[in-house]
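**Q** sequence? don't have it. structure:
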């Protein structure tokens, strides 16, 4: 099976795939545009695991474009798939939606209150918007339009004529027990569920007691696909079917009939041949032995085509959330991620890991560390110390062959912006004051300089941080705690307050809060860790905990220098005056 080899070297995986795709495309269709493909089923919220189906070929296609080739990235919206089950937790949807199971996704009503005409269009819309923000260029293809307009008529008739050959291939796998799946690592139940995709891989293959037919009509009365083809004549193309849902039956002429589709294991390879697809990745559900990708590799030959090259892509998880199935409500989508992170960061998460490597996208506190890592990478790119593979991932994150994505003009640390948004509750005047004081030598003139990153950090604070973890600054001093302090505690507060004026900046306050315990122990404020005994770290932690209690009534909180700036000098003096 022509799968692109998985590299274990620390090289840029995108370039390696691009090399192979260009070579393969020239072999198959010299001089023609390179064709890569993705497929998404809008059967529910299209989640961040599904995004890998698009980002993998996008990154490869974009690299090929950068080299001057013409590329088509086909994105098939599998909106003519059957409605399989009612997703849990989708707003405006309850179990009564079960009456639509078996209908095409474009024939199911949208959830209550939606502005879109169908279920498929409703869930497709959010993904279209997210892909635009991510800079993903593609040619969208509605499979409803393809089938109902008769675009695939010749392919359908051809498949029915050669149903015996298709059945013989499928029969090889019906009678064999599939070997045990080989996974990069053991998958728990949640990960298996997350990898299930739309559910198309588990569809029946067209077999029935009446014989083998690779085509399934949607019922002319109830619109469901709970139908069985009972007879077909190759010469006249007359097809008889019966519906088990409503009892309706009819005979149609398939050469004129457009209300049905090929079963998935035939539909996918038919499209490979029809579109001339050279590269398409596949998820775990489509790549296991005997599954649709493997079987399709044989069936595509019947249509005169070749199987695309492409990797199996691994699980994408969410930090702090185990399950990621599109059948579940409330599962984070690309649109959700783009509410709290810039598109460059999200692109980077997919670009820096080979497709067969699983990774997690952070919606919890880990997002701050990811942003720190990203900013550090940006610094290395700027000073020329970056490693080649990291430089390539960075370049793929910040832009495409069409140019750079819009970016924050002055990207302050995400954790700082989040802390300020937390403390100010979004008050713009206070936010501007605090951010301007971070660097008095180069004060911020307008919040527009730190947008959209500021807006993303504020949304993260408001939507992902539990209320009990939000920062609420005291209105009045904790007089009981202040009275209980020993001489050392009172002295530490005096040293801090005495140094505020001279150190009122982010760097200055960082130096001050770390320096107070050093000075109290008889060391210079700028003494390094190597010059200090271990007890100093203990003293610093004790001092920090005291400040947090006096300022916000908790053991921990935002970074102290940022917190002090946010509270403001006058209020700090009021709350810490022993």
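**A** Happy to help now that I have it. Owing to the predicted nature of the structure, the values given are computational and were not obtained by experimental measurement.

**Q** Look at residue 261 and tell me its secondary structure.
**A** At residue 261 the chain is in strand, as set by DSSP: H, G, I helix; E, B strand; the rest coil.

**Q** Mind giving me the packing neighbours of the helix or strand encompassing residue 147?
**A** Residue 147 belongs to helix 143-148 when assigned by DSSP states H and E. In this structure, helix 143-148 makes packing contacts with strand 260-262, judged by 3 or more C-beta pairs under 8 Å, 6 or more residues apart in numbering; DSSP states H and E. In short, each C-beta sits where N, CA and C put it, glycine included.

**Q** Which is the succeeding secondary structure element to the strand it packs on?
**A** helix 264-275.

**Q** other SSEs contacting that following helix?
**A** Short answer (3+ C-beta pairs under 8 Å, 6+ apart): helix 264-275 packs on strand 34-40, helix 153-161, helix 292-302.

**Q** Now mean pLDDT and mean neighbour count too, for those, in CSV please.
**A** Output for the helices and strands packed on helix 264-275, formatted as CSV (pLDDT from 0 to 100; neighbours: other C-beta atoms under 10 Å):
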stretch, mean pLDDT, mean neighbour count
strand 34-40, 97, 25
helix 153-161, 98, 18
helix 292-302, 93, 21
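
**Q** looking at these, which is closest to residue 58?
**A** Closest approach to residue 58 among the helices and strands packed on helix 264-275 is made by strand 34-40 (7.7 Å; C-beta to C-beta).

**Q** sorry, back to before: wait, which of the helices and strands packed on helix 264-275 is closest to residue 168?
**A** The minimum distance between residue 168 and the helices and strands packed on helix 264-275 falls on helix 292-302, with 9.6 Å, by C-beta to C-beta.

**Q** picking that back up, dump the helices and strands packed on helix 264-275 into JSON lines; add distance to residue 429 as well.
**A** Converted to JSON lines, the helices and strands packed on helix 264-275 look like this (distance: least, C-beta to C-beta, whole Å):
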{"stretch": "strand 34-40", "distance to residue 429": "43"}
{"stretch": "helix 153-161", "distance to residue 429": "63"}
{"stretch": "helix 292-302", "distance to residue 429": "57"}
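
**Q** in the helix holding residue 147, what's buried?
**A** Across helix 143-148, burial judged by 16 or more other C-beta atoms under 10 Å covers 143, 144, 146, 147, 148.

**Q** re the thing from before, just so I know, which of the helices and strands packed on helix 264-275 lies nearest residue 398?
**A** The closest of the helices and strands packed on helix 264-275 to residue 398 is strand 34-40. By C-beta to C-beta, the value is 21.5 Å.

**Q** that's a strand at residue 240, yeah?
**A** Yes: under three-state DSSP, residue 240 sits within a strand.

**Q** who's in contact with it?
**A** If you count contacts by C-beta atoms under 8 Å, 6 or more residues apart in numbering, residue 240 has them with 229, 230, 231, 232, 249, 250, 251.

**Q** Okay, and which of those map to strands?
**A** The strands, defined by DSSP state E, take in 229, 230, 231, 232, 249, 250, 251 from the contacts of residue 240.

**Q** And these, which of them are buried?
**A** By 16+ other C-beta under 10 Å, the ones in strands among the contacts of residue 240 give 229, 230, 232 as buried.

**Q** Closest one of those to residue 424?
**A** After measuring these against residue 424 - C-beta to C-beta - the closest member comes out as residue 229, at 65.2 Å.

**Q** Per-residue confidence, the closest one, what does it come out as?
**A** On pLDDT, residue 229 comes in at 97.
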